[in-house]
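A.B. asks: Just to be clear, the model below is a prediction. Sequence and coordinates:
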Amino acid sequence: MPERLYKPICKDLIEHEKKCHFCAKNMTSLKAYKLKHKETGEIVCAGPSCTEKNIDQGIKLSAIPDLTKYTQPLGGNGGGGGNSEKPIIRAEEDKRKAIEYLELREKKFEKYHSVSYSVLKNYYNKSQNEELNESEIRHILNIENKTDGRYKLANLQRCYNYLFWIDVALDKLGEHNNFLKSIKTYIIRNFKITPKQKDAVNNWLKNIKGVPQIK
């Protein structure tokens, strides 16, 4: 069997429908798996079925870091995935959480200097070229466990999803929405959003074509 040439990075949000790199089907859920070519370093987006076919066998889709957990699916799920529902063992779950934490804190929010942490930045840089060992993964999770509530994994996930879709909405509206701008500023300043604010944001998003609801 020929070697599979792609390494999964994460499941991430996409601003608009894109075609899967491999089968050219539209990924209507606005969620895609980002894969990195092992030789060229090229980053491509793929649906779940094509992801399974192009990454190493034995890697479960459910073990791939997922940055989309606070976005409701828009349309279909991008084609489904055969092993996406297979349970993962504790070590796989710990690794997934650690990489999610690094991706959010050291990449997605890197422009907000208060979020980055030098120890995690070193782990993030290492993870781009080699696998983290069990001790490093445990250290990352310990940092997350002891950190301020603003920087907990679940809260960073939530803030990332909210800011992503607010930015898409503002772009579609030509930036002319003082309410969404104020919510964006509030999230960036406080790294939180109240249930009432979330509901009000969803009331705006539901009227903007191609923008999903947030959880």
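C.D. replies: Nice, I can see it.
A.B. asks: just the helices in this structure please.
C.D. replies: In the chain, helices defined by DSSP state H lie at 48-54, 90-103, 118-127, 134-146, 153-172, 178-190, 195-205, listed in chain order.
A.B. asks: Deepest in the core, which of the ones you listed is it.
C.D. replies: Among the helices of the chain, ranked by average contacts under mean count of other Cβ atoms under 10 Å, first place goes to helix 48-54 (a mean of 21). C-betas here are computed from N, CA, C, even on glycine.
A.B. asks: on contacts alone, who are the packing partners of that one?
C.D. replies: Contacts defined by 3 or more Cβ pairs under 8 Å, 6 or more residues apart in numbering; DSSP states H and E place helix 48-54 against strand 6-13, strand 31-37.
A.B. asks: again, only this time at 10 Å
C.D. replies: Using 3 or more Cβ pairs under 10 Å, 6 or more residues apart in numbering; DSSP states H and E as the contact definition, the elements that helix 48-54 packs against are strand 6-13, strand 31-37, strand 43-46.
A.B. asks: Which residues does the last one contact?
C.D. replies: This points to strand 43-46. Counting by Cβ atoms under 10 Å, 6 or more residues apart in numbering, strand 43-46 makes contact with 6, 8-9, 12, 14, 18-23, 25, 27, 31-37, 50-55, 78-79, all of which sit outside it.
A.B. asks: That one pairs with which strands?
C.D. replies: Strands adjacent to strand 43-46 in the sheet, as given by DSSP bridges, are strand 31-37 (antiparallel).
A.B. asks: mean confidence for the partner strand?
C.D. replies: For strand 31-37, mean pLDDT rounds to 97.
A.B. asks: buried stuff in it?
C.D. replies: By neighbour count on 16 or more other Cβ atoms under 10 Å, the buried set for strand 31-37 is 31, 32, 33, 34, 35, 36.
A.B. asks: need the residues you listed in a markdown table with distance to residue 111, can you?
C.D. replies: As requested, the buried residues of strand 31-37 are arranged in a markdown table below (distance: Cβ to Cβ, whole Å):
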| residue | distance to residue 111 |
| --- | --- |
| 31 | 23 |
| 32 | 23 |
| 33 | 25 |
| 34 | 19 |
| 35 | 25 |
| 36 | 22 |
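A.B. asks: Including mean pLDDT, could the helices of the chain go into JSON lines?
C.D. replies: Rendered in JSON lines, the data for the helices of the chain read as follows (pLDDT from 0 to 100):
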{"stretch": "helix 48-54", "mean pLDDT": "96"}
{"stretch": "helix 90-103", "mean pLDDT": "97"}
{"stretch": "helix 118-127", "mean pLDDT": "97"}
{"stretch": "helix 134-146", "mean pLDDT": "98"}
{"stretch": "helix 153-172", "mean pLDDT": "96"}
{"stretch": "helix 178-190", "mean pLDDT": "95"}
{"stretch": "helix 195-205", "mean pLDDT": "95"}
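A.B. asks: All set, thanks.
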